[in-house]
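The following block contains a protein sequence and its predicted model.
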Amino acid sequence: SHVITLACRPVGLPTADNFQLQSQALPALQPGQVLVKNLWMSVDPYMRGRMIDRKSYIAPFQLGEPLEGGAIGEVIESRHPDFTVGSHVSSMLGWRSHFISRGDDLTRLPDTPLPLQSFLGIMGMPGMTAWVGLNRIAALKAGDTVFVSAASGAVGSAACQIAKLAGCTVIGSTGSAGKVDQLKQLGVDEVINYKQVDSLSDAIATAAPQGIDVYFENVGGDHLEAVLNHMNDHGRIAVCGMIAHYNDTEAQPGPANLANLIIKKLKMEGFIVFDHWEHYGEFAAQMGQWLAEGKIQSQETVYHGLEQAADAFIGLFEGKNSGKMLVKLGE
Ligand code: NDP
């Protein structure tokens, strides 16, 4: 079996040298253990934060140790009464081909016609993040004008579609013409290609002459500053991520126009999806229904094999994905 470890800590944009693919021999199963073969693993922007040696909401990765992250696998050998061979499980033990577990770090996947990998995307953490940010943080309501940055990503594309279903006008920003077209096909009202505009602020003024009520923040930097200019009174900003900063090697200046928070009486709140996990059942019931009714589309970009996992991860910072970025590890 194989595993990817953190070879050295990245400075700036991660490179292939930061990762090391190693083989590992797994011992024979003991009573109460299962052997899981990973079929899919997730790469996510938050993993960049875990590569920095600092205190955060989640412990940093350790040098020379396997990386971790969301994964979907199949039990291929079992000495555990609760897991039969062939059952599908999710875990945080991605970045490896196989692992041994006592079961307490596994979640059995429900019996569903949905593709297994959707539990790493639209039905999993990223979909839940969009739903929590809009409903529980930004108090979304029908008629709101919603701006979503990194709109074509896993979280962003879910947020755009959830807001449309809630009866909102949705404006998204993304970094390529192809992604602009995809977002329009998903029903997003106006899409800005932020790489092609002279002034993001002017582009938002044109796309949303009525102003923005809810900003679903995934990017930070110039995006936050530009949107602040166009927020309506009593607007809400759900701060989900700031991917434009994750590879910063020095602190960047904050938005020059934060005083808009006062003038417009805005509410700006950050959140971590895991703090809201008690609501997963409610989210999953709703999202499962939307998917079954064909009201939400889930896009994904798939890299193949553990040897491509580092490239897939680095690709997140280069806009290589539409929808959820995934690595397929097995059949
Ligand atoms: P995405 O699928 O959105 O992938 C990242 C995308 O971000 C890229 O495809 C790229 O798209 C865009 N991007 C990358 N670098 C930049 C940049 N410098 N400026 C603008 N856009 C950039 O990832 P996720 O959906 O998994 O995550 C989206 C955001 O949500 C991230 O900030 C992440 O950290 C955050 N997050 C927060 C959670 C929470 O609990 N708070 C949970 C999950 C995610 P493009 O081509 O459009 O540039």
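Thanks, I have it.

From now on I want contacts and neighbour counts done on CA atoms only, so please keep to that.
OK.

pLDDT value on residue 108, please?
Reported pLDDT at residue 108 in the predicted model: 96.

That one bridge partners, please.
Beta-bridge pairing for residue 108 (DSSP bridges): residue 89.

from what I can see it touches residue 88, true?
Yes: assessed by Cα atoms under 8 Å, residue 108 is found in contact with residue 88 at 6.2 Å.

ok, these two, which is more surrounded?
residue 88 (23 against 16; other Cα atoms under 10 Å).

Quick check: closest non-adjacent residue to that one.
residue 74 (4.6 Å; Cα to Cα, 6 or more residues apart in numbering).

repeat for residue 254
Nearest to residue 254 is residue 221, by Cα to Cα, 6+ apart, at 7.3 Å.

Report the separation between that neighbour and residue 151.
16 Å (Cα to Cα, to the nearest Å).

neighbour count winner among these two?
Higher neighbour count among residue 221 and residue 151: residue 151, with 32 against 15, using other Cα under 10 Å.

The more buried one and residue 179, how far apart?
9 Å.

Repeat that for residue 120.
Applying Cα to Cα to residue 120 and residue 179 gives a distance of 21 Å.

Next: residue 173.
Residue 173 is 9 Å from residue 179, by Cα to Cα.

which residues are in contact with both of the two?
residue 152 (Cα atoms under 8 Å, 6 or more residues apart in numbering).

more neighbours, these two?
residue 173 (26 against 22).

what about the more buried one, is that helix, strand or coil?
Residue 173 falls in the strand class when you classify it by DSSP: H, G, I helix; E, B strand; the rest coil.

what about the helices in the chain?
Remark: helices assigned in the chain by DSSP state H are 46-50, 125-131, 154-165, 177-185, 200-207, 221-228, 260-263, 280-292, 309-315.

Out of those, flag the one nearest the ligand.
Nearest of the helices of the chain to the ligand, taken as Cα to the nearest ligand atom: helix 154-165 at 3.6 Å.

you'd agree residue 2 is up against residue 24?
Yes: the pair residue 2 / residue 24 is scored as a contact, 5.7 Å apart, by Cα under 8 Å.

Let's test this: what are the backbone torsions at the closest residue to residue 316 other than its chain neighbours?
In this structure, residue 316 finds its nearest non-sequential neighbour in residue 45, 6.8 Å apart by Cα to Cα, 6+ apart. Reported as degrees, to the nearest 10, the phi and psi values for residue 45 are phi -60, psi -30.

Please name the residues that touch residue 45.
Going by Cα under 8 Å, 6+ apart, the list of residues near residue 45 reads 243, 313, 316-317.

okay, now residue 73: neighbour count?
With other Cα under 10 Å as criterion, residue 73 counts 31.

Could you list everything it pairs with in the sheet?
Beta-bridge partners, per DSSP bridges, of residue 73: residue 38, residue 89.

Verify the stated contact: it with residue 35.
No: contact between residue 73 and residue 35 fails when scored by Cα under 8 Å: they sit 9.7 Å apart.

can you list contacts of stretch 79-91?
Contacts of stretch 79-91 (Cα under 8 Å, 6+ apart): 29-34, 69-78, 102-103, 105-109.

Please repeat the previous calculation with a cut-off of 10 Å.
29-41, 68-78, 101-111, 116-117, 119-120, 124 (Cα atoms under 10 Å, 6 or more residues apart in numbering).

and residue 113, how many neighbours?
Count around residue 113 with other Cα under 10 Å applied: 7.

Likewise for residue 81?
Residue 81 has 11 nearby residues by other Cα under 10 Å.
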